[in-house]
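Asker: Sequence and predicted structure are below.
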Amino acid sequence: MAELAHTQKALTDEEYRDFERIFRRQIPPSFKAHYMANNGGSPIEEDVESGQWGLPVQGFNPIKYGKLTIEMLVEDIERIEPKDKTFGPWGKFSYVPFAYDAGGNTIFLSLKDDDYGYVYIYAPDGRNIKNISPSFEEFLARLYQPRTR
């Protein structure tokens, strides 16, 4: 698992349950495991510079604590409607906006029936969307590749 810098206050099980209740269905267990270990945060600069960071993730939005939480993003974004209707749309609470790239584009987890667990990146200004991974587990596996010695 990637080590993250600048994480927020650790979540309790009750805080995570409260968070999950706002969504239309259960969030994958791997998402919970990640957020219970790292509530938000960003890659360690040395890991990025050494090429160990596999995906263009600038940081993770925290749950409950911090300046821009996942809960705030859901309220701000409300609905994701890409130009390409192959992927969307996603109504409020049918996605979890959990991370962002260097351009500020949102990376989110789908909770819809037809693509549950898929991870996408969304550029709201152009309404462009790209599938990054078919699961949060695979997303995490591709995120960080530690060097073997």
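Answerer: Great, that's in hand. Numbers count the residues shown, from 1 in each chain.
Asker: Spit out the contact partners of the nearest residue to residue 5 once chain neighbours are set aside.
Answerer: The shortest distance from residue 5 to any non-neighbouring residue, by Cβ to Cβ, 6 or more residues apart in numbering, is to residue 44 (5.1 Å). Placement of C-beta: from N, CA and C, glycine included. Residues counted as contacts of residue 44 (Cβ atoms under 8 Å, 6 or more residues apart in numbering) are 3-5.
Asker: And for residue 128?
Answerer: Contacts of residue 128 by Cβ under 8 Å, 6+ apart are 82-84, 122.
Asker: Serialize the residues you listed to a markdown table and add fields for neighbour count and distance to residue 18.
Answerer: Below are the contacts of residue 128 laid out as a markdown table (neighbours: other Cβ atoms under 10 Å; distance: Cβ to Cβ, whole Å):
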| residue | neighbour count | distance to residue 18 |
| --- | --- | --- |
| 82 | 19 | 30 |
| 83 | 11 | 35 |
| 84 | 10 | 34 |
| 122 | 23 | 25 |
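Asker: From the residues you listed, pick the one nearest residue 92.
Answerer: Taking Cβ to Cβ as the measure, residue 122 is the one of the contacts of residue 128 closest to residue 92, at 14.3 Å.
Asker: Just name the shakiest helix or strand of the protein by mean pLDDT.
Answerer: Within the chain, no helix or strand scores below helix 45-49, which has a mean of 69 by mean pLDDT, DSSP states H and E.
Asker: Could you look up the SS state of the residue nearest the centre of the chain?
Answerer: Residue closest to the mean C-alpha point of the chain, counted by Cα atoms, centre = their mean, is residue 98 at 2.8 Å. Using DSSP: H, G, I helix; E, B strand; the rest coil, the structure places residue 98 in strand.
Asker: That'll do, ta.
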